[in-house]
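Student: only the shape, not the letters, is given here:
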């Protein structure tokens with residue numbers, strides 16, 4: 001099928017900005033992460049520019065381990081995503097609402113019900129970012145000493161997604177007839193009990209909410225490891241990845257599409273949307289000064305804590321010679337395998353010292369960062385799109401609200417001049433705006 005000529009755009013609303021130093025910038029409201037008006041303002045900026053969705057990351061834990069880092073970051077104060085996006089659904093009209101939720105420490109019945117509710121509240125604009133837990137601190141919050149091993153987490157995730165989809169299919173689309181004359185509210189011939197018993201989950205059903213307006217909320221997945229790519233190819237409709245190198249991005253894109261195709265899926269139903277951290281200036285110097293200012297706000301404890309986490313918590317960088325070259329390999333991690341591999345590949349490619357890799361991890365967390373004019377940022381995005389390294393991007397503004405405002409006012413017009421981004425919404429639901437098909441109910445397919 002012919003590829004869409006316009007890229008898709010989402011924006012990650014992570015706390016006060018994607019850069020770890022963002023909350024110290026004078027333009028950033030320090031309490032914004034727990035202020036619904038703050039999020040409504042950001043969503044309005046994105047919706048006014050016709051972004052496809054806003055996207056909230058999440059972990060059911062404090063993501064840093066040491067108090068030296070926790071004391072200096074803003075990530076530990078923020079809303080639970082489904083709750084916040086449910087509130088935001090009444091303050092937006094068109095933009096998609098994508099929430100992150102882990103398959104490791106949720107139950108599928110609860111999650112199916114919550115996302116179905118969000119899809120109804122928003123009239124078909126919900127999306128689920130499917131993740132497995134990858135932070136060390138999560139296990140103890142749920143009565144476990146350690147996270148399940150990597151393979152187990154992904155095997156459970158695969159089964160979990162199938163159970164949730166089965167629960168969403170409990171009721172056929174026209175099952176609730178609500179006929180006052182006959183006194184019949186629901187046609188129970190159109191009710192289907194899942195009765196699932198698998199390797200990890202046992203869920204009977206039925207779900208006590210009507211089928212979501214979109215059939216299923218849009219399924220988003222962030223797969224970069226081998227296991228992650230396999231899951232993304234199987235179930236993901238929007239794939240969020242970190243690919244700072246164009247060559248690697250093209251390889252990832254081709255691999256993922258090929259794996260999805262082998263499973264009978266169409267290329268235009270699996271959208272690859274890597275992250276991009278745009279530092280926008282009207283001149284190159286202005287953009288560089290913005291980045292340098294953010295770097296000056298970021299304490300070395302935060303930089304080291306971020307790098308430790310992204311490398312899978314397998315090394316204590318506080319006792320490492322930071323001017324030594326990064327080794328080719330580190331001990332295998334049970335946490336973020338894909339991000340560890342990506343950072344080690346970058347370090348080998350550029351012959352980084354630990355100090356250089358720590359700075360890169362702090363600035364971009366491994367994503368593509370473009371520091372420059374609107375024209376330069378638009379060029380980088382169009383190059384990746386035209387060379388089949390991306391179907392669009394998750395924009396990760398370094399600061400809020402100004403980083404998003406700069407992108408909307410300066411970069412989006414450049415993308416439109418090149419014919420690469422739309423000027424308005426074309427559909428009512430998130431699926432329609434992304435060009436994704438409405439899934440059929442599995443119990444009624446012939």
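Tutor: Happy to help now that I have it. Since the model is a prediction, treat every value here as computed from it, not as a measurement. Residues are numbered from 1 along each chain as shown.
Student: tell me which residues touch the nearest residue to residue 203 once chain neighbours are set aside, please.
Tutor: Sequence neighbours aside, residue 196 is the residue nearest to residue 203 in space, at 4.8 Å (criterion: C-beta to C-beta, 6 or more residues apart in numbering). Bear in mind the C-beta positions are built from the backbone N, C-alpha and C, glycine included. By C-beta atoms under 8 Å, 6 or more residues apart in numbering, residue 196 lies in contact with 163, 166, 202-205.
Student: which of those residues fall in helices?
Tutor: 163, 166 (DSSP state H).
Student: tell me the phi and psi of the residue nearest to residue 203?
Tutor: Torsion angles at residue 196 (phi, psi; degrees, to the nearest 10) stand at phi -90, psi 130.
Student: on that earlier part again, scan the contacts of residue 196 and report the most crowded one.
Tutor: For the contacts of residue 196, neighbours were counted using other C-beta atoms under 10 Å, and residue 163 has the most, 24 neighbours in all.
Student: residues near residue 183, how many?
Tutor: With other C-beta under 10 Å as criterion, residue 183 counts 6.
Student: go on, residue 236?
Tutor: Residue 236: 27 surrounding residues under other C-beta under 10 Å.
Student: just residue 362 next, same as before
Tutor: By other C-beta under 10 Å, neighbour count at residue 362 equals 23.
Student: just the one 10 residues further on next, same as before
Tutor: Using other C-beta under 10 Å, residue 372 has 20 neighbouring residues.
Student: following element in sequence after the lengthiest strand in the chain, please.
Tutor: Counting residues, the longest strand found in the chain (DSSP state E) is strand 271-280. Going down the chain from strand 271-280, the next helix or strand is helix 284-297, by DSSP states H and E.
Student: check which helices and strands that following helix sits against.
Tutor: Secondary-structure packing of helix 284-297 (3 or more C-beta pairs under 8 Å, 6 or more residues apart in numbering; DSSP states H and E): strand 271-280, helix 354-364, strand 368-372.
Student: wait, which of the contacts of residue 196 is closest to residue 367?
Tutor: Minimum distance to residue 367 across the contacts of residue 196 is 31.6 Å, recorded for residue 163 (C-beta to C-beta).
Student: next one: that closest one, what pLDDT does it get?
Tutor: We note a pLDDT of 98 for residue 163 in this prediction.
Student: then the one 4 residues further on?
Tutor: In the predicted model, residue 167 carries a pLDDT score of 98.
Student: got the contacts of residue 196 as a markdown table, with distance to residue 285 columns?
Tutor: Formatted as a markdown table, those follow (distance: C-beta to C-beta, whole Å):
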| residue | distance to residue 285 |
| --- | --- |
| 163 | 54 |
| 166 | 56 |
| 202 | 61 |
| 203 | 57 |
| 204 | 63 |
| 205 | 60 |
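Student: where does the stretch 301-446 of the chain have low pLDDT?
Tutor: 446 (pLDDT under 70).
Student: ends of stretch 217-227, what's the gap?
Tutor: Its start and end residues considered, stretch 217-227 measures 23 Å (C-alpha to C-alpha, to the nearest Å).
Student: ok, stretch 360-369 next?
Tutor: 9 Å.
Student: same thing with stretch 166-180?
Tutor: In terms of C-alpha to C-alpha, the two terminal residues of stretch 166-180 are separated by 29 Å.
Student: mind listing residues that contact it?
Tutor: 108-109, 112-113, 116, 184-188, 190-194, 196, 203, 205-207, 210-212, 215-216, 441-444.
Student: return the set of buried residues in it.
Tutor: Going by neighbour count (16 or more other C-beta atoms under 10 Å), the buried part of stretch 166-180 is 166-173, 175.
Student: where do the strands of the stretch 151-300 of the chain begin and end?
Tutor: Counting by DSSP state E, counting those that start in this stretch, the segments of the stretch 151-300 of the chain that form strands are 176-179, 184-186, 196-197, 202-203, 218-221, 238-241, 271-280.
Student: each with direction, which strands does the last one pair with?
Tutor: Taking DSSP bridges as the criterion, strand 271-280 sits next to strand 238-241 (parallel), strand 368-372 (parallel), strand 392-395 (parallel) in its sheet.
Student: again, but for the second one
Tutor: Paired with strand 184-186 in the same sheet, following DSSP bridges, are strand 176-179 (antiparallel).
Student: please apply the same query to the fourth one.
Tutor: According to DSSP bridges, strand 202-203 has the following sheet partners: strand 196-197 (antiparallel).
Student: give me the distance from the partner strand to the chain's centre.
Tutor: What separates the centre of strand 196-197 from the centre of its chain is 29 Å, taken as C-alpha atoms, centre = their mean, to the nearest Å.
Student: related to what we said a few turns ago, export the buried residues of stretch 166-180 as TSV, with columns for distance to residue 78.
Tutor: As requested, these are arranged in TSV below (distance: C-beta to C-beta, whole Å):
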residue	distance to residue 78
166	31
167	28
168	27
169	33
170	32
171	34
172	38
173	35
175	37
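Student: out of those, list just those in helices.
Tutor: Using DSSP H, the buried residues of stretch 166-180 in helices are 166-168.
Student: where's residue 416 relative to residue 6, distance?
Tutor: 9 Å (C-beta to C-beta, to the nearest Å).
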